[in-house]
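Enquirer: Could you look at this predicted model? Sequence included:
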Amino acid sequence: MTRRTPLNDAHRALGARMVDFAGWDMPVQYSSVIAEHEAVRNAVGLFDVSHMGEIEFTGPGALETANRLITNDLSKCADGQALYAGLLDEQGGFVDDVVAYRFSPERILIVVNASNKDKDFAWMLARAEGVKPVDRSDDYAQIAVQGPKAAALVQRLTPVDLTKIGTYRFAEGKVAGIACIVSRTGYTGEDGFELYCAPGDAEALWKALLQEGQADGVKPCGLGARDSLRTEMKFALYGNDIDDAHTALEAGLGWICKLDKAGGFIGRDALAKQKAEGLQRKLVGFEVTGSGIPRHGYPLLKDGQRVGEVTSGTQGPSVKKPIGMGYVPVELSTEGSTFDVEIRGRAVPAVVVKTPFWKK
């Protein structure tokens, strides 16, 4: 049965086009993907991300238990700091990519992808040594407020001094009178906040943000704009660009894997071995230089031979070019390397470029 976020009625009232996403009834767009994308790049957009999962570790040993499960190092964080990390299998492939929040050494919250929530929780439960995780997903709704005018909008609704919250930092406080976790994080490449609140408060918070943001040109945004925004930043999407068949090093995410972390992490030894032996393939960003838009699953060809496939692709609304990502042999991964994308039976030329595609 398709699940609904606490904002489902609000989306329908705004005329959103709804689709099934990871078993959730979610808005793909309200007006147009391009208009919503441009609102986030130039003003401010609101996203319902309440479908995301939240898994909590509490009590003595919470930090140590959670830290052994993730690739990044929470012990090097301050309280009130978040970090991007992987959950990896023993081969170094992705179980999921997550954001971990350190409230204190005795309270860690890990935010996981909606499509992986049950799998991730079972995986953590089986491997947690010490503190057992608790699935808190039904206790949180989440609204992302993203764009150059996001901070000013949220600031007008909260007594919390947002200038004191740096990127990947968070605080607890009230927004529009509603108790929230206020996190300076996002998936768009723009400044902004992700606001976590109780599900029963979500609609009031959403409406307050929409009302207060009218003068800023706020737009509600769907999954379509979320995807085009993150693709322009070369932010990986689980199930497309990262999965259990590709390692964190191949995905270019070695920077979130602290191989020298005390206590290590699951998958560490496989990554250390791969690093020593050298990579055979890498995830690259490319621009299509011919006519056509690369889409997920399209073959990548070199001299007519298949060498990979598109993991994500779109016509970038901000970069105004057809762009994509895909895994290619390491010899084709350097900037300026060329190959073809097979688009509807045609071999269309493409070139590897420096990412992110979108630079302010």
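Expert: On my side now, so go ahead.
Enquirer: okay, CA-based contacts and neighbour counts for the rest of this
Expert: Will do.
Enquirer: What is the three-state secondary structure of residue 158?
Expert: coil (DSSP: H, G, I helix; E, B strand; the rest coil).
Enquirer: wait, doesn't it sit right on residue 176?
Expert: Yes - using CA atoms under 8 Å, residue 158 is in contact with residue 176, at 6.3 Å.
Enquirer: With neighbour numbers in mind, choose between the two.
Expert: residue 176 (19 against 16; other CA atoms under 10 Å).
Enquirer: The more buried one and residue 157 touch, don't they?
Expert: Yes - checked against CA under 8 Å, the pair residue 176 and residue 157 is within contact range at 5.0 Å.
Enquirer: Quick check: pLDDT value at residue 23.
Expert: pLDDT recorded at residue 23 is 96.
Enquirer: Setting the sequence-adjacent residues aside, check what's closest to it.
Expert: Of all residues not flanking residue 23 in the chain, residue 2 sits nearest, at 5.1 Å (CA to CA, 6 or more residues apart in numbering).
Enquirer: pretty sure that neighbour contacts residue 20?
Expert: Yes - assessed by CA under 8 Å, residue 2 is found in contact with residue 20 at 7.3 Å.
Enquirer: Between the two, which has more neighbouring residues?
Expert: residue 20 (13 against 10).
Enquirer: Sticking with the more buried one, tell me its helix or strand.
Expert: strand 17-21 (DSSP states H and E).
Enquirer: Over to residue 120?
Expert: helix 117-127.
Enquirer: domains of this protein?
Expert: In terms of domains, the chain is parsed into 3-45+140-166+173-184+199-232, 51-139+247-276, 280-352 (source: automatic domain parsing).
Enquirer: Out of those domains, which is closest to residue 241?
Expert: domain 280-352 (5.2 Å; CA to CA).
Enquirer: mind listing what residue 247 touches?
Expert: Residue 247 sits next to 91-94, 271 when contact means CA atoms under 8 Å, 6 or more residues apart in numbering.
Enquirer: Would you format those residues as TSV with secondary structure, pLDDT and distance to residue 349 included?
Expert: Putting these into TSV (DSSP: H, G, I helix; E, B strand; the rest coil; pLDDT from 0 to 100; distance: CA to CA, whole Å) gives the following:
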residue	secondary structure	pLDDT	distance to residue 349
91	coil	98	34
92	coil	98	32
93	strand	98	30
94	strand	98	30
271	helix	98	33
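Enquirer: before we move on, back to that, using TSV, lay out the domains of the chain together with distance to residue 241.
Expert: Formatted as TSV, those follow (distance: least, CA to CA, whole Å):
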stretch	distance to residue 241
domain 3-45+140-166+173-184+199-232	10
domain 51-139+247-276	7
domain 280-352	5
